[in-house]
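Student: Kindly return the folded structure for what I paste below:
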Amino acid sequence: MSSLALSDISRNASDDAYHSVQSDWQARVARAFSRAAAHYDRRASAQRHIGEALWQILPDEAASVVDVGCATGDWTRRLAARYPGACVTGVDIAPGMLVEAQKRGGRVNWREGSAEALPADAQSVALIFSNLALQWCRDMDAVMAEFARVLAPGGRAVFTTLLDGTLEEIGAAFQRPGALLAYSSQADHRRAVRAAGLRVTREHTHLERFYYPDMAAVMASIKGVGAQIARPQGAGLTRRDLKAATQRMEQRRTPEGLPVSYRCLTLTLERP
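Tutor: The predicted structure is shown next:
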């Protein structure tokens, strides 16, 4: 067998392993968010607050819009109202989220899909909107390549995602600094954008801090939006773990309550 053939086999095996791991991760994320769907809106106050800043930088017009990671569709319906003549599609990886979105109605096409494989034709989208969803994607190169594929020339992608430092209080309280989620860095995003042939027209980072009355409310804010999926398998919490974490968290208490930080990256991209 030639060395070329051996390298092909090795590469194909590597690709198969990658796709298997990627599919498993996406399935776990989809299950977690489907389970969280029924009470997502009640517990997603941080997500709504952060999304309001994103809302302020949207373009005045868009003929077609895709909301990536639409969850129960709150932002998607707002997008449909903001762009009444546009074809608006809400995309989410979690079937349970889409069930809840459909219950709430709206002039929206609801589609199951991921940011790495959007259910949209090439060069068919004028605006991609995504609020706090892309941090769940493990392959930013694939995400940006897909954005470049579906955006029409001159089309824009406007999104907010999360960076290291997010939920650091919770990681420290449980003494598992990296247990919640591994975030792509700001440099990773820039590199992926360039590799996809997209152009950054706006970039902004900022820290948002939210306060909760007790540890139960802190955990509800995380679990209620599906974030518990990021803990490694076999890393379940015992009552002893929770008690110790609560004591550590209490050491950070302020007059406003227990702090939880979100380090946000907002990007506006354009397809030349």
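Student: The stretch 51-200 of the chain: strands as residue ranges?
Tutor: Using DSSP state E, counting those that start in this stretch, the strands of the stretch 51-200 of the chain run over 64-68, 87-92, 109-112, 125-131, 151-162, 199-212.
Student: Dump the last one to PDB, restricted to CA.
Tutor: In this case it means strand 199-212. Extracted in PDB, the C-alpha atoms of strand 199-212 (Å, rounded to 0.1, in the frame of the first residue of the first chain):
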ATOM      1  CA  ARG A 199     -14.400  41.400   7.600                       C
ATOM      2  CA  VAL A 200     -14.800  42.700  11.200                       C
ATOM      3  CA  THR A 201     -16.600  46.100  11.200                       C
ATOM      4  CA  ARG A 202     -17.100  46.300  14.900                       C
ATOM      5  CA  GLU A 203     -15.600  44.600  17.900                       C
ATOM      6  CA  HIS A 204     -16.300  45.200  21.600                       C
ATOM      7  CA  THR A 205     -15.700  43.400  24.800                       C
ATOM      8  CA  HIS A 206     -17.300  44.100  28.100                       C
ATOM      9  CA  LEU A 207     -18.000  42.600  31.500                       C
ATOM     10  CA  GLU A 208     -21.600  42.200  32.700                       C
ATOM     11  CA  ARG A 209     -22.200  41.200  36.400                       C
ATOM     12  CA  PHE A 210     -25.500  40.000  37.700                       C
ATOM     13  CA  TYR A 211     -26.500  39.500  41.400                       C
ATOM     14  CA  TYR A 212     -28.600  36.800  43.000                       C
END
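Student: Please pull up the helix or strand immediately following it.
Tutor: helix 215-223 (DSSP states H and E).
Student: Where does the prediction get shaky in the protein?
Tutor: Within the chain, the stretches with pLDDT under 70 are 1-22, 176-180, 224-237.
Student: give me that answer again for 90
Tutor: Low-confidence regions of the chain, defined here as pLDDT under 90, cover residues 1-26, 28-29, 32-33, 35-44, 105-106, 165, 170-171, 174-184, 219-242.
Student: Could you dump the strands of the stretch 51-200 of the chain into CSV and include distance to residue 31 and mean neighbour count?
Tutor: C-beta: built from backbone N, CA, C; applies to glycine. What follows is these, written out as CSV (distance: least, CB to CB, whole Å; neighbours: other CB atoms under 10 Å):
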stretch, distance to residue 31, mean neighbour count
strand 64-68, 19, 26
strand 87-92, 13, 25
strand 109-112, 13, 15
strand 125-131, 21, 25
strand 151-162, 21, 21
strand 199-212, 26, 13
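Student: Apart from its neighbours in sequence, what residue is nearest residue 71?
Tutor: residue 97 (5.0 Å; CB to CB, 6 or more residues apart in numbering).
Student: Repeat that for residue 46.
Tutor: Leaving aside its chain neighbours, residue 46 sits nearest to residue 210 (5.1 Å; criterion: CB to CB, 6+ apart).
Student: ok, now how distant is residue 87 from residue 73?
Tutor: 15 Å (CB to CB, to the nearest Å).
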